[in-house]
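1. the sequence and its predicted three-dimensional model are supplied below.
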Amino acid sequence: MRKVAIYAALVASLAGVTGFSTPSRAETGQVAVVFTKGGFIVGVGGGEGVLLYRGHKYPFTVSGMSVGFTIGASTTKLVGRALNLRGPESIEGSYAVGGAGGAIAAGAGAVQLQNGNGVILQLSGPKVGAELSAAVGGVTIALKR
C-alpha cells in the first residue's frame, strides 16, 4: 500500500511539472530567394522569395541597401531555412547584414540574418555577376498581400 502511495505522489508531481511546461511554438520553414544588387559606393537591391511553411507557400518581396565599398552588380539565388517562426508573418521585418564578399562570373554566398521577431534566416546559394563589396547594410522582407 505504501508503494502505491509513493507511486501516486510521484505521478502527481510529474503531471504537475509537465503541466507547467509549455511546448515551444517556434517552427522552421523553407525559404528560396532571388536577390539582385548593384551599385557604386551605395549598393541597392531587391528581389522576391517564397516561404514554405506548414505546406503553404507565402510569396514575399526583399529590398535592401548597403553603404560602403560596392562596385558592380550580381544576382544571388539563395535557399535555406527560416528558424523560430511563430507564423508566416513573423518572417517580415528588417534584417541586419554585415560582411565582405565578391563574385566574378560565378561564386557562392552564405548568410545568416535575424530580424526583430527573432526569426533567423540561414541561406546559401550561387552568386552570378561581377561585384566586389565590403559594406554594411540591411534587407527588409514583406509578405505579398
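-> Right, received. Where do you want to start? Numbers count the residues shown, from 1 in each chain.
2. average pLDDT across the longest strand along the chain?
-> What stands out as the longest strand in the chain, according to DSSP state E, is strand 56-85. Strand 56-85 shows a mean pLDDT of 84.
3. do stretch 115-132 as well
-> Mean predicted confidence for stretch 115-132 is 79.
4. that older thread, and the longest strand of the chain, what other elements does it pack with?
-> Where contact means 3 or more Cβ pairs under 8 Å, 6 or more residues apart in numbering; DSSP states H and E, strand 56-85 is packed against strand 27-53, strand 93-114, strand 120-143. Placement of C-beta: from N, CA and C, glycine included.
5. quickly list what the closest residue to residue 125 other than its chain neighbours is bridged to.
-> Once flanking residues are discounted, residue 125 sits nearest to residue 78: 4.2 Å by Cβ to Cβ, 6 or more residues apart in numbering. Note on residue 78: beta-bridge partners residue 33, judged by DSSP bridges.
6. residue 78: what's it in contact with?
-> Listed by Cβ atoms under 8 Å, 6 or more residues apart in numbering, the contact partners of residue 78 are 31, 32, 33, 34, 35, 49, 109, 111, 123, 124, 125.
7. and which of the residues you listed is nearest residue 91?
-> Nearest to residue 91 among the contacts of residue 78 is residue 31, at 7.8 Å by Cβ to Cβ.
8. re earlier: so which one among the contacts of residue 78 has the lowest pLDDT?
-> residue 109 (65).
9. dig out what the closest residue to residue 83 other than its chain neighbours forms beta bridges with.
-> What sits nearest to residue 83 in space, not counting adjacent residues and going by Cβ to Cβ, 6+ apart, is residue 120, at 4.4 Å. Under DSSP bridges, the beta-bridge partners of residue 120 are residue 83, residue 114.
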